[in-house]
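*Asks:* everything below, folded, please.
(2 chains)
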Amino acid sequence: MFADLLLEGAVTRIEGPLLFAKRAARVGLNSAVEVVGNDGGTRLGRIAALDEQSMVIEVLQSTTGLDLAGTRVRLRPEPLLFGVGPNLLGRIFDSVGRPIDGGPPVSARARMRIEGLAINPSWRALPRDFIETGVSTIDLLNSLVRGQKLPLFSAGGLPHDRLATQIAQRARLRGGKSEEFAVVFAGMGVPHDTAEQFRRAMESSGALGHTVLFLNLADEPGMQRLLTPRYALTAAEYLAFVEGRHVLVVLTDMTNYCEALREVSASHGEIPGRKGYPGYMYSDLAALYERAGCIRGRPGTLTQLPILTMPGDDIGHPIPDLTGYITEGQIVLDRELDRKGIYPPIKVLPSLSRLMDSGIGEGYTDADHPALAHQLFAAYARAMRVRTLASVMGEQGLPDADRKFLEFGARFEEQFVNQAASRTLEESMQSGWDVLRGLPHNELARLSDAQIRKHLEEPAHA
Amino acid sequence: MSEARITWIGGPVLRARMTGSFSVYEAVSVGPRRLLGEVIQLKGEELVAQVYEDTTGLEPGDAVAGSGRALSVKLGPGLLGGIFDGLLRPLTGTDDFQIQAGLGSGAAGRFRFVPQANAGATLETGAILGAVAAAREQLILVPPGVAGRLEWLAAEGEYGEDEVIARLVGENGKTHEVAMRHPWPVRTPRPVRARLPASAPMITGQRILDTLFPVARGGRAALPGGFGTGKTVLQEALAKWCDADVIVYVGCGERGNEMAEVLDEFPQLEDPRTGRPLAERTVIIANTSNMPVAAREASIYTAISVAEYFRDQGLHVALMADSTSRWAEALREVSGRLGELPGEAGYPAYLSSRLAEFYERAARVTTLGGKEGSVTIIGAVSPPAGDFSEPVTLHTKRYVRCFWALDRQRAQARFYPAIHPLLSYSADADALAEWWKHSGGNPDWITQRQRVLSLLEQQAHLERMARIVGRDALPAQQQLKLLCADLVNDGFLRQSSFSKVDRYCSPGRQAAMISVLLAFMDRAEAAVQSGVAPARIAELPVVRQLQRLGEEYGEGDLRKLSQLPHQLDYEFDSLHTVAANVR
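*Replies:* So this is what the prediction gives:
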């Protein structure tokens, strides 16, 4: 191994986040470095490129205040690591894993690479454990399972923080089995009050002792925003796969992360891709999202709930687009529903959970769960089509069946999507059957005759 | 072997000073962990190489060792049923759940070899040497580049994959030693005797594909769709139920959990034709989105080489590539690192020719050994924002014969498979009509297909009109058309991959279903002509059965299904009676 060396006066050029230095000692690619400026501040960095005489150091924090003569570089013999241990829980860290809650440093049981290593696909177990979130549109229509990565596609001003907090507080397996769980919250470029609200919510539900917070606040430099999720996911991997807990990671806001990625890429002079984002953004996001999963033979799981705000409410924007290609579905929030006062304002049609079919139905939730979900989707899609039609030629011009679908659409939004309190899956299903009532039975192609008889023809439950 | 020393390294690309000669695309091993890489440029004293693994820890001065060979994979009987990374290194049998750099190329398996040739015979390339009895029998052939008099052939018994089992002396007197597996440079197509035209379809068990947009054995199909439109579910359904002998499934830059799903499901599912577990006919190549990008670029070539290897044994192979867009992006990323001039949307100018090279490796052929075999490629495309006018979709369209366009609106209504019938096409259909006539048991297939397609075309047109004047204002004939189109969509084109009854649909059941639906259309048209209101027809009990045709009549209910036209006749007859009485 090479030594832990301090180089002085080696820096020859500083260009934005890049430091060019003489290669005065042996060092490997991607090794961690600490750059100490004249101001005494320590900045983390890594070796980005090497040749025989010189090395390029990518400083991962602000380079403001560094000069050529006084900057010292400490070379570490290994890549960036994070010391993790059981007393991570209940703590608050900054974006590079330093405690900011005034408590003592974490006594590290293991030091893990923050970049993580790819999970071997043949070691993965198929996620199957249904998580009840209490939200009908998620539980019944877009079920979340353990080990899944399911993002919230939101937009400025929508209640995504409230929804994420609610899910983090409630997300449990059905049947109330109490198991070892943990919540990791990674705030990237979040305002102080969002972070504080989340902390307080977890405190009030008594879960703060199971929560780890990583905070990169809105007023901190963008550069280290790229490190926040990596430290958070390293902690989560430790809690899940070493300690065997069921970990839910809330990553907010991925849009700020991607903006930082674009900024850094531009300062490196890379050829920009779509809308100026780097061409490798897909791979970079995948390196974060793919850290979710279940491993065969290990008790813990890592579930991700990333939140992103769609720039200009555009789902085709590169950030939601690339995210959607990597994650296992998405929950889309909608401004129109929000304006109607519907909470949670989940836009059902573009929302999707890919792993749903392996976690619901006979033996998992309810035998009729898949058919009911499909029928609600199909009926609501038709209702939406009719609604467009009605806006052109008025309700009077509609055939009778279409009018019934129009009424169904309104009922679905007001009674099923809208919910004042959280519901169990059974309550969600009951609500689903209730709103279907009133539609002509011969239009319900996704339900079998037996299902129609059982749930729609017998008198409604009180 | 030649050697070089690293002079510069950044990310997965390195430059090294050579001692000895290297060739372009030669495989190299880099540094103390012997990471796999490939030479991509040579200039003067220096070579440029890309490394297929995480380069953390490498430094100038580290050794780069040449292999004297282009990037190759070992093809042999141990492949079936396995899961490999993009360079065909087995992912099973590791101790750690995370992938460490420097993965081994896999120990040779042992197989029971049964000789089927006689010493002294003169064997051409591709001739049969023997067979191995693994989970399914596989042939061992004289590999490409080898031919001559068989000097010696091993006796029946168990051998390692790399042990010599035959010795041939070529015409020039050179002795070739042959083992059960042999290396093959992935970027080179394996030789064949002749390419054959399309003649038989690859039956996929998906109604919308087999009946409307069939792909021929040896054909090429593209499956474009935005995220969430069901590309992967459809690819998996095809891998499960299509009637190929061997499936090569390459997950190229896709999700790890999807690979887990395949690994979880395939051993439990049975091949409907052989009754054996599906896993036994499948080779999985997994290069998930978080595995190194350079290996993603190679994984497509690895997969097609594996597919050709099985084709050469006289088998019909289907290659599912999910997704070719990720592969193109890997090309773009590597090209960007090399500082090449970017073309459209940043992709290198050679994107189109690379796509052509890949898709052209699909074919129905006569193998060197004189058998018929085929490789069918089904490539998923992931266009950004679901926009089919982006470069990868456009260029792919130039080289495929089937285009199965996935539609977001259908997917959002959970109408699967969400293939849009008006945007999709199949150029193979006419060539396959003969097969349906003689082997498929449906001589009317080509006319039935045409009727369904034109009905769907009319539906789009009529719906545009109904939006302006209202559905009720349309003439009765046209209202009926819309009703029939809805029935075809619901009862025939919709097919759930998760339904045990309906996930697979045999050609016989497809033919019976479409015949019932068309019979309904004929009777209904006649009824409307004699003055029955379309609304009355919509209320017939049989309509509800037709809506759920796929779900209600499984493979075992073909007899019940053949009774349905009688019920149809009965209900229409009673319509007329009632109408007459009223009059």
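
*Asks:* enumerate the residues of the stretch 401-550 of chain B near chain A.
*Replies:* B:409, B:411-415, B:467-468, B:470-472, B:490, B:496, B:498, B:538-539, B:543-544, B:547-548 (Cβ under 8 Å from any Cβ of the partner chain). C-beta: built from backbone N, CA, C; applies to glycine.

*Asks:* backbone phi and psi for the closest residue to B:R190 other than its chain neighbours, please?
*Replies:* Of all residues not flanking B:R190 in the chain, B:E308 sits nearest, at 4.2 Å (Cβ to Cβ, 6 or more residues apart in numbering or on different chains). Dihedral pair for B:E308: phi -70, psi -30, per degrees, to the nearest 10.

*Asks:* burial count for B:E308?
*Replies:* 27 (other Cβ atoms under 10 Å in any protein chain shown).

*Asks:* do B:Q268 as well
*Replies:* Neighbour count of B:Q268, defined by other Cβ under 10 Å: 9.

*Asks:* that one in helix, strand or coil?
*Replies:* coil (DSSP: H, G, I helix; E, B strand; the rest coil).

*Asks:* who touches it in this structure?
*Replies:* Contacts of B:Q268 were listed using Cβ atoms under 8 Å, 6 or more residues apart in numbering or on different chains, and they are B:P277.

*Asks:* can you pull the pLDDT of it?
*Replies:* Per-residue confidence (pLDDT) for B:Q268: 88.

*Asks:* and the gap between it and chain A?
*Replies:* 11 Å (Cβ to the nearest Cβ, to the nearest Å).

*Asks:* mind listing the strands the helix or strand of chain A with the lowest mean pLDDT pairs with, and their directions?
*Replies:* Between all helices and strands in chain A, the lowest mean by mean pLDDT, DSSP states H and E belongs to strand A:172-173, at a mean of 71. Taking DSSP bridges as the criterion, strand A:172-173 forms sheet pairs with strand A:130-132 (antiparallel).

*Asks:* now the next helix or strand after the partner strand, how far from the chain's geometric center?
*Replies:* Next along the chain after strand A:130-132, taking DSSP states H and E as the criterion, comes helix A:136-139. Its chain's average C-alpha position is 17 Å from that of helix A:136-139, according to Cα atoms, centre = their mean, to the nearest Å.

*Asks:* do stretch A:321-334 as well
*Replies:* 10 Å.

*Asks:* before we move on, what about stretch B:470-481?
*Replies:* The answer for stretch B:470-481 is 42 Å, by Cα atoms, centre = their mean.

*Asks:* quick one: the strands in the stretch 101-250 of chain A, in order.
*Replies:* A:110-113, A:124-125, A:130-132, A:144-145, A:152-154, A:172-173, A:181-190, A:211-217, A:246-252 (DSSP state E, counting those that start in this stretch).

*Asks:* average pLDDT across stretch A:153-164?
*Replies:* 93.

*Asks:* what's the answer for stretch B:483-497, then?
*Replies:* Here the average pLDDT along stretch B:483-497 is 94.

*Asks:* C-alpha coordinates for it, PDB please?
*Replies:* The C-alpha trace of stretch B:483-497 is given here as PDB (Å, rounded to 0.1, in the frame of the first residue of the first chain):
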ATOM      1  CA  LEU B 483     -68.500  -1.500 -31.200                       C
ATOM      2  CA  CYS B 484     -66.700  -4.200 -33.200                       C
ATOM      3  CA  ALA B 485     -63.400  -2.400 -32.900                       C
ATOM      4  CA  ASP B 486     -63.800  -2.100 -29.100                       C
ATOM      5  CA  LEU B 487     -64.500  -5.900 -29.000                       C
ATOM      6  CA  VAL B 488     -61.400  -6.700 -31.100                       C
ATOM      7  CA  ASN B 489     -59.300  -4.500 -28.800                       C
ATOM      8  CA  ASP B 490     -60.700  -5.900 -25.500                       C
ATOM      9  CA  GLY B 491     -61.300  -9.500 -26.500                       C
ATOM     10  CA  PHE B 492     -58.400 -10.100 -28.800                       C
ATOM     11  CA  LEU B 493     -55.600  -7.600 -28.600                       C
ATOM     12  CA  ARG B 494     -55.500  -7.300 -24.900                       C
ATOM     13  CA  GLN B 495     -53.600 -10.100 -23.200                       C
ATOM     14  CA  SER B 496     -52.300 -10.100 -19.700                       C
ATOM     15  CA  SER B 497     -48.800 -11.500 -19.100                       C
END
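
*Asks:* can you list the neighbours in contact with it?
*Replies:* Stretch B:483-497 has contacts (Cβ under 8 Å, 6+ apart) with A:374, A:445, B:206-208, B:211-212, B:233-234, B:236-237, B:415-417, B:419, B:421, B:452, B:455-456, B:458-459, B:502-503, B:505, B:513-514, B:517, B:520-521, B:524, B:534, B:537-538, B:543, B:546-551.

*Asks:* name the SS class of the nearest residue to B:T55 once chain neighbours are set aside, please.
*Replies:* Of all residues not flanking B:T55 in the chain, A:L29 sits nearest, at 5.3 Å (Cβ to Cβ, 6+ apart). The three-state label given to A:L29 by three-state DSSP is coil.

*Asks:* what sits closest to the residue in the stretch 101-250 of chain B that chain A sits nearest to if chain neighbours are left out?
*Replies:* Residue nearest to chain A within the stretch 101-250 of chain B (Cβ to the nearest Cβ): B:F227, separated by 3.7 Å. Distances taken as Cβ to Cβ, 6+ apart put A:G324 closest to B:F227, at 3.7 Å, once the chain neighbours are dropped.

*Asks:* then A:G16?
*Replies:* A:S267 (4.0 Å).

*Asks:* one more: A:A201?
*Replies:* A:T165 is the one closest to A:A201 (Cβ to Cβ, 6+ apart), at 4.6 Å.

*Asks:* which residues does the one you found contact?
*Replies:* Contacts for A:T165 (Cβ under 8 Å, 6+ apart) come out as A:Q197, A:F198, A:A201, A:M202.

*Asks:* just to revisit the earlier point, the residue of the stretch 101-250 of chain B closest to chain A: neighbour count?
*Replies:* B:F227, neighbours per other Cβ under 10 Å, totals 26.

*Asks:* low-confidence ranges in the chain?
*Replies:* Assuming you mean chain A. A:1-3, A:175-179, A:458-462 (pLDDT under 70).

*Asks:* actually it's chain B I care about, not the one you picked
*Replies:* If you take pLDDT under 70 as the line, chain B has these spans: B:578-583.

*Asks:* distance of the residue nearest the centre of chain A relative to chain B?
*Replies:* Closest to where the C-alpha atoms of chain A average out (Cα atoms, centre = their mean) is A:P306, at 1.3 Å. As for A:P306, its distance to chain B is 14 Å (criterion: Cβ to the nearest Cβ).

*Asks:* that residue belongs to a strand, doesn't it?
*Replies:* Yes. Assigned with three-state DSSP, A:P306 falls within a strand.

*Asks:* can you name the residues bridging to it?
*Replies:* Judged by DSSP bridges, the bridge partners of A:P306 are A:L251.

*Asks:* what's near enough to touch it?
*Replies:* For A:P306, the contact set (Cβ under 8 Å, 6+ apart) comprises A:K149, A:P151, A:L152, A:V250, A:L251, A:T252, A:M254, A:Y289, A:T323, A:T327.

*Asks:* repeat that for 10 Å
*Replies:* Counting by Cβ atoms under 10 Å, 6 or more residues apart in numbering or on different chains, A:P306 touches A:149-153, A:164, A:186, A:188, A:229, A:249-254, A:257, A:285, A:288-289, A:292, A:323, A:326-327, A:330.

*Asks:* swap in B:I83?
*Replies:* So B:I83 contacts A:120-122, B:90-92, B:249, B:251, B:259, B:262-263, B:279, B:282-286 (Cβ under 10 Å, 6+ apart).
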